[in-house]
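Novice: my questions are about this predicted structure, shown below with the sequence.
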Amino acid sequence: MGRRDRNIDELYRSNLELNARSNDDRLSWGPNSPEKTPGGLLGCAVEDVEDDRRLLVLLNPKSGPGKAREIFQRRVVPVLTEAEIPYDLHVTKFAGDARQLMRSRDLSKWSAIVVVGGDGLLFEVINGMFERPDWESALATPVAVVPGGSGNGLAKSLCYYNGEPYDQNPVLLSSLNIVKGQPMPMDLARVETKSQIMFSFLSIGWGFLSDIDIESERLRAMGGQRFTIWSVARLIGLRTYYGRLSYLPVSGHQPVMSPEHKGSSIPLPRSMSQTGARINRDLVDEGDERTMGVFRSRSYNEDLSNGGSMRERFGSVSSRSSMGDGLADDPDGVVGRPRLDSFYSVASRKSTFYSAAASSYLSAVGSSLSVSSLDADGSGGNLPPARMYGPASRLPSLTQPVPSDWKVIEGDFVMVHASYQSHIGSDAFFAPSSKLADGIIYLLVVRAGITRTQLLQFLLGLSNGTHLKCPLAEMIPVRAFRLEPKVDDNGSNSRGHVTVDGELVDYGPLQVELVPSLAKILSR
Ligand SMILES: Nc1ncnc2c1ncn2[C@@H]1O[C@H](COP(=O)(O)OP(=O)(O)OP(=O)(O)O)[C@@H](O)[C@H]1O
């Protein structure tokens, strides 16, 4: 172990001791700042070690309670300085800024992309990577997270996977992941709605938990507390939503549910067509043709276990919706189903482009950043229209029936929530069995009929992973699923919300399939 490593380890140990002594001042590293400690945080000479790492740090000053700048300057910079890792900092100016940056920059300049903020900022970064024709090589650049948001589900999950005590000092642990971590494969979910394709690293939700997430936005200044307060409000005004859930179970995995649930009678499903629901009319019209689909789950599972490059496994498709041609245009040919839909108004994205030149920068010693290194012409005005690239779907389209070996449940739900990480928030231990790259979506289903008391028990259990003892809460490991919330005749959403990684998406049908090990994240 070199001196630099020893210094970082010492930093880690001394900070844990510091935290044990004082819970009031976890920020306290002493008066260090990059300007004040040109020789490193501990004032030690550091050996010259061959290290060509350079980070791009994206910081959302509006994350959570708005402390991301302070967190970065006081607690991350000292670690990077000690490790002598130079970085370029971009402070986001508006929602979508990080996404545009990821779409338009030469990522080969950086060894990793560090997100200082919440899960929403990482969602932008990942989806920006998929807006590049070279998405596959973009995804080879690992991401890293420093928790500064309200939820911070991925940061907490990483600590859980590594057996580290997140609550003692999440920022330090995340910083150590950056300087000492290795790129680890991470599953992503490909999500398709009627108008969008996106890639998710954390969760997808409909109903109760998503309602809390979105409706508590007005309490953002409170940080994570906002979820607790709004949970009480939603418990009092408990809502149910009608819809249909179809899923492909992971073979060999049994659903996890409470003993009470196993014996309880669940309300019988109603037929969607009899209710006059507008959901997926094609499915109703096509009737038994669902067995004709070529996208059988058997081949889906085989795909999952195959090796090879992502292109070999899935093909590659770009969605060119705004241009209206609706055809997949991958020059290498398309293995999967061509995309017919599209999204993103090209005009609106262009009009909201801001140059990175307007951002402020900080640099570790010896890493001063010239503005031009981020934004060559300072204008940023010549971006190509946004398109979504990435692996093609192996599922039937949203308007086609699901394969015959999928399971289907229909009726009233309190929530459906899915995740591929252990934690969907720093205090929401959603899927204790989940791993970073296990190829599994954990699908939590809570049907109508649950009482407020039971739901309260569920919420309390969510902090320590005992929520599945709650009657009517069922956790199903799946490879893919389709959610079809009933949309009112007037197109409204019955006050419910659908979210992807905590971001609001259109209320309507969506389809999700896990793509194993699609991204890389720095972890130990
Ligand atoms: N400068 C900015 N001003 C306003 N919004 C921004 C800015 N930069 C990013 N955003 C948007 O803010 C949203 C929330 O950001 P972020 O995820 O960092 O914090 P959070 O929502 O508090 O945390 P979490 O997602 O973990 O709950 C994201 O959707 C992102 O697009």
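Specialist: In hand now; what should we look at? Residues are numbered from 1 along each chain as shown.

Novice: please count neighbours and contacts with C-alpha atoms only from this point.
Specialist: OK.

Novice: which SS state does Val416 fall under?
Specialist: Following DSSP: H, G, I helix; E, B strand; the rest coil, we place Val416 in the strand state.

Novice: quick check: the gap between it and Ile409.
Specialist: Here the criterion is CA to CA, to the nearest Å. By it, Val416 lies 11 Å from Ile409.

Novice: those two - which one has more neighbours?
Specialist: Comparing Val416 with Ile409 by neighbour count (other CA atoms under 10 Å), the higher total belongs to Val416, at 24 against 13.

Novice: what pLDDT does Val46 get?
Specialist: The per-residue pLDDT reported for Val46 equals 37.

Novice: looking at this protein, which helix or strand does the model trust least?
Specialist: When each helix and strand of the chain is scored by mean pLDDT, DSSP states H and E, helix 346-351 comes last, with a mean of 22.

Novice: what bridges to Tyr87?
Specialist: With DSSP bridges as the criterion, the beta-bridge partners of Tyr87 are Leu55.

Novice: list the buried residues of stretch 427-443.
Specialist: 427-432, 434-443 (16 or more other CA atoms under 10 Å).

Novice: for those, work out which two are farthest apart.
Specialist: The span of the buried residues of stretch 427-443, defined through CA to CA, is set by Asp427 and Gly439 at 23.4 Å.

Novice: quick one: contacts for the one residue in the stretch 351-500 of the chain that gets nearest to the ligand?
Specialist: Checking the stretch 351-500 of the chain residue by residue against the ligand with CA to the nearest ligand atom singles out Gly425 as nearest, at 7.1 Å. For Gly425, the set of contacting residues under the criterion of CA atoms under 8 Å, 6 or more residues apart in numbering consists of Ser150, Gly151, Asn152, Gly153, Leu154, Lys156.

Novice: outline the domain layout of this protein.
Specialist: Under the assignment named as automatic domain parsing, the residue ranges that make up the domains of the chain are 3-180, 200-292+395-417+448-518, 316-343+386-390.

Novice: spell out the secondary structure type for Ala144.
Specialist: Classification of Ala144 by three-state DSSP places it in strand.

Novice: now it, nearest residue through space, not along the chain?
Specialist: Of all residues beyond its chain neighbours, the one nearest Ala144 is Val114 (4.6 Å), with distances taken as CA to CA, 6 or more residues apart in numbering.

Novice: wait, the one you found sits on Thr141?
Specialist: No. In this structure Val114 lies outside contact range of Thr141 using CA atoms under 8 Å: 10.5 Å.

Novice: who's more crowded, the two?
Specialist: Neighbours of Val114 and Thr141, each counted by other CA under 10 Å, are more numerous for Val114; the result is 26 against 21.

Novice: each with direction, which strands does the helix or strand hosting the more buried one pair with?
Specialist: Assigned by DSSP states H and E, Val114 falls within strand 112-117. In the sheet containing strand 112-117, the strands it pairs with under DSSP bridges are strand 55-59 (parallel), strand 143-147 (parallel).

Novice: who touches that strand?
Specialist: Outside strand 112-117, the residues that touch it by CA under 8 Å, 6+ apart are 53-61, 63-64, 68, 72, 121-122, 141-149, 178.

Novice: try it again at 7 Å.
Specialist: With contacts defined as CA atoms under 7 Å, 6 or more residues apart in numbering, strand 112-117 is touched by 55-60, 63, 68, 121-122, 141-149.

Novice: over to stretch 128-137?
Specialist: Residues from elsewhere that reach stretch 128-137 (CA under 7 Å, 6+ apart): Arg99, Gln100, Met102, Arg103, Ala138, Leu139, Ala386, Arg387, Met388, Tyr389, Gly390.

Novice: A strand includes Ile521, no?
Specialist: Yes. Per three-state DSSP, Ile521 lies within a strand segment.

Novice: ok, it to Ala112 distance?
Specialist: 9 Å.

Novice: now do the shared contacts for these two.
Specialist: Between them, Ile521 and Ala112 share these contacting residues under CA under 7 Å, 6+ apart: Pro142, Val143.

Novice: name the SS class of Gly205, please.
Specialist: Assignment for Gly205 (three-state DSSP): strand.

Novice: got the residues of the stretch 1-150 of the chain near the ligand?
Specialist: Taking CA under 6 Å from any ligand atom as the criterion, the stretch 1-150 of the chain approaches the ligand at residues 60-64, 92-96, 117-121, 149-150.

Novice: what does the chain give?
Specialist: The chain has residues 60-64, 92-96, 117-121, 149-152, 502 near the ligand, with proximity defined as CA under 6 Å from any ligand atom.

Novice: any chance you could map the strands in the stretch 401-524 of the chain?
Specialist: Counting by DSSP state E, counting those that start in this stretch, the segments of the stretch 401-524 of the chain that form strands are 407-419, 423-425, 428-429, 441-447, 473-485, 498-500, 503-505, 510-523.

Novice: could these go into CSV alongside mean pLDDT and distance to Gly237?
Specialist: What follows is these, written out as CSV (pLDDT from 0 to 100; distance: least, CA to CA, whole Å):
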stretch, mean pLDDT, distance to Gly237
strand 407-419, 96, 12
strand 423-425, 95, 23
strand 428-429, 94, 21
strand 441-447, 97, 16
strand 473-485, 97, 19
strand 498-500, 95, 18
strand 503-505, 92, 21
strand 510-523, 98, 26
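
Novice: any chance of the ones you listed in a markdown table, plus distance to Arg132?
Specialist: Below are these laid out as a markdown table (distance: least, CA to CA, whole Å):
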| stretch | distance to Arg132 |
| --- | --- |
| strand 407-419 | 26 |
| strand 423-425 | 27 |
| strand 428-429 | 33 |
| strand 441-447 | 26 |
| strand 473-485 | 25 |
| strand 498-500 | 21 |
| strand 503-505 | 21 |
| strand 510-523 | 14 |
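
Novice: burial-wise, tell me which of those strands comes out on top.
Specialist: strand 423-425 (a mean of 28; mean count of other CA atoms under 10 Å).

Novice: ok, it: who's next to it in the sheet?
Specialist: Taking DSSP bridges as the criterion, strand 423-425 sits next to strand 428-429 (antiparallel) in its sheet.

Novice: contacts for the strand it pairs with next, please.
Specialist: Residues outside strand 428-429 that contact it (CA under 7 Å, 6+ apart) are Ser422, His423, Leu462, Ser463, Asn464, Gly465.
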